[in-house]
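Student: Give me the fold of what follows.
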Amino acid sequence: MSGRADWAVVTGASSGIGEHLARGLAARGYGLWLVARSTDALEQLAKELREQHGVPVRVRTCDLADPAARRALEQELAGQPVSVLCANAGFPTCGPFSENDPAQESAEVQVNVVALHALTQAVLPGMLARQSGGILVTGSTAGCQPVPTAATYSASKAFANTFAESLHVELRGTGVSCTLLSPGPVRTNFYAVGGMSRLQEHKFLAWLTPERVAEAGLRGLAQGRRVVVPGPVAKAQYLAGRHTPRPLLFPVLRAAVLPVFRGARLSSRSQPSVGISDFRK
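Tutor: Residues are numbered from 1 along each chain as shown. Take a look at the predicted model:
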C-alpha cells in the first residue's frame, strides 16, 4: 500500500450497499480495502474493480464479530493512510428477543456496534494528524425509534446514528468529516437474513436499490453533510421515528407495522433460508 494516499476501507463490501460503496469509490479513483467474511465474493469484486478502474484493491477477509480477528484488522488499519472509512457492515435479527439465538444476538452487537466503534477509533487519529479524511457510517431509519421484534437491530442502529451525528459535530474544523447514511427499505439479502424475505413483496415501502443508496451516501460524504436519508419513504420514517411521541408511536406499530413483519416472517419460513454465515459482513 505504499506510495498512495487515497485509500478507502469498506466493511461489508461483499454485497448490497457495501459492494456499491466500493464500486463508487473505485470509480472516484480510490484504492480499496474490501472487508467482509466472504473471500470469494470479495476476490471477484476486486478483480472487476481493478480491471474497470485501474485502482489497487486489497481483499481483507475478516469476521468482525470475532474480537481477535477484529483487533488484528484494527492494528493493520491504524498504520495505514486511510482517507475514507465506510463503516457499513451489519446484519439483523428479527423476532421476539427471548426466542432468538443468543449467539446471533451477540454477534449482531459485535458487528453493528463494537466493530463500527473500534474501526473508527483505529483510523481517526491518522486522519486528524493529516487534517484530511471522511467517515461514512451506515445507520438506519430503524435506529430512530424502538422496533419491537427487531429490538437488538434497532438499538444497534440507534448507536450508529447517534455516534455518527456526534462525530460530525466533534470533527468540525479538523479537515475530517463524518456523515450518517440512514437508509430505509433497500433491496438486498438483508431481510432474508432476518427471516423476512417476503417483506420485499410489499411495494408500499418503495424499495430503493443499493446502488442509489450508496451513491447518495458518497455524495453526502463529499459534501460534508451530517445526515443522508435517501428516498421519500425513508425520510418519512426518519422524521416520524424521531418526532412521534412514544405513546402514539407504539399503538401504530402494534396495529400497522408489526402484523406486516409477523406475516412476512411466517411466510418466509417456507423459503430456503439465507444463513448469517452467508451474509454477515
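Student: For residue 38, give its distance to residue 160.
Tutor: Distance, residue 38 to residue 160, using CB to CB, to the nearest Å: 22 Å. In short, each C-beta sits where N, CA and C put it, glycine included.
Student: Of those two, which one has the most company?
Tutor: Taking neighbours as other CB atoms under 10 Å, residue 38 and residue 160 compare with residue 160 leading, 23 against 18.
Student: My read is that that one contacts residue 112, right?
Tutor: Yes. Residue 160 lies in contact with residue 112 (CB atoms under 8 Å); the separation is 6.8 Å.
Student: Now list whatever residues contact both of those two.
Tutor: Jointly contacting residue 160 and residue 112 under the rule CB atoms under 8 Å, 6 or more residues apart in numbering are residue 90.
Student: and the residue nearest in space to the middle of the chain, what does it touch?
Tutor: Closest to where the C-alpha atoms of the chain average out (CA atoms, centre = their mean) is residue 88, at 3.0 Å. Counting by CB under 8 Å, 6+ apart, residue 88 touches 10, 11, 12, 13, 17, 18, 21, 136, 138, 281.
Student: quick one, phi/psi of the third one?
Tutor: Which is residue 12. Note on residue 12: its backbone torsions stand at phi 70, psi 40 [degrees, to the nearest 10].
Student: what are the ranges of the strands in the stretch 1-150 of the chain?
Tutor: Secondary structure of the stretch 1-150 of the chain (DSSP state E, counting those that start in this stretch): strands at 7-11, 31-36, 57-61, 82-87, 133-138.
Student: What strands line up against the second one, and which way round?
Tutor: It stands for strand 31-36. Sheet pairing of strand 31-36 (DSSP bridges) gives strand 7-11 (parallel), strand 57-61 (parallel).
Student: if we look at that strand, which residues are touching it?
Tutor: The contact list for strand 31-36 (CB under 8 Å, 6+ apart) reads 1, 4, 6-15, 18, 22, 25-26, 42, 45-46, 49, 55-62, 64, 73, 77, 80, 82, 89, 281.
Student: how does it look with 6 Å?
Tutor: 4, 7-14, 22, 42, 46, 55-60, 62, 281 (CB atoms under 6 Å, 6 or more residues apart in numbering).
Student: beta partners of the nearest residue to residue 220 once chain neighbours are set aside?
Tutor: Using CB to CB, 6 or more residues apart in numbering and skipping the chain neighbours, the partner closest in space to residue 220 is residue 228 (3.5 Å). Counting by DSSP bridges, residue 228 is bridged to residue 181.
Student: Check what pLDDT residue 228 gets.
Tutor: Residue 228 carries a pLDDT score of 97 in this model.
Student: ok, it touching residue 184?
Tutor: No. Counting by CB atoms under 6 Å, residue 228 sits too far from residue 184 to count as a contact (11.8 Å).
Student: Run through the stretch 151-281 of the chain and note the low-pLDDT ranges.
Tutor: Low-confidence segments of the stretch 151-281 of the chain (pLDDT under 70): 187-207, 256-281.
Student: can you give me the helices in it?
Tutor: 151-170, 190-193, 210-222, 232-243, 246-252, 258-268, 276-279 (DSSP state H, counting those that start in this stretch).
Student: show me what contacts residue 20?
Tutor: By CB under 6 Å, 6+ apart, the neighbours of residue 20 are 210, 211, 214.
Student: that older thread, residue 150 versus the residue nearest to residue 220, what's the distance?
Tutor: Counting by CB to CB - residue 228 and residue 150 are separated by 22 Å.
Student: can you check residue 242 too?
Tutor: For residue 242 relative to residue 150 (CB to CB), the value is 17 Å.
Student: Just want to know which of those two has more residues nearby.
Tutor: residue 150 (23 against 12).
Student: if we can go back for a sec, any idea which of the strands paired with strand 31-36 gets closest to residue 250?
Tutor: Between residue 250 and the strands paired with strand 31-36, the shortest separation by CB to CB is 32.9 Å, and it involves strand 7-11.
Student: can you list contacts of that closest one?
Tutor: Contacts for strand 7-11 (CB under 6 Å, 6+ apart): 18, 21-22, 25, 30-35, 82-89, 281.
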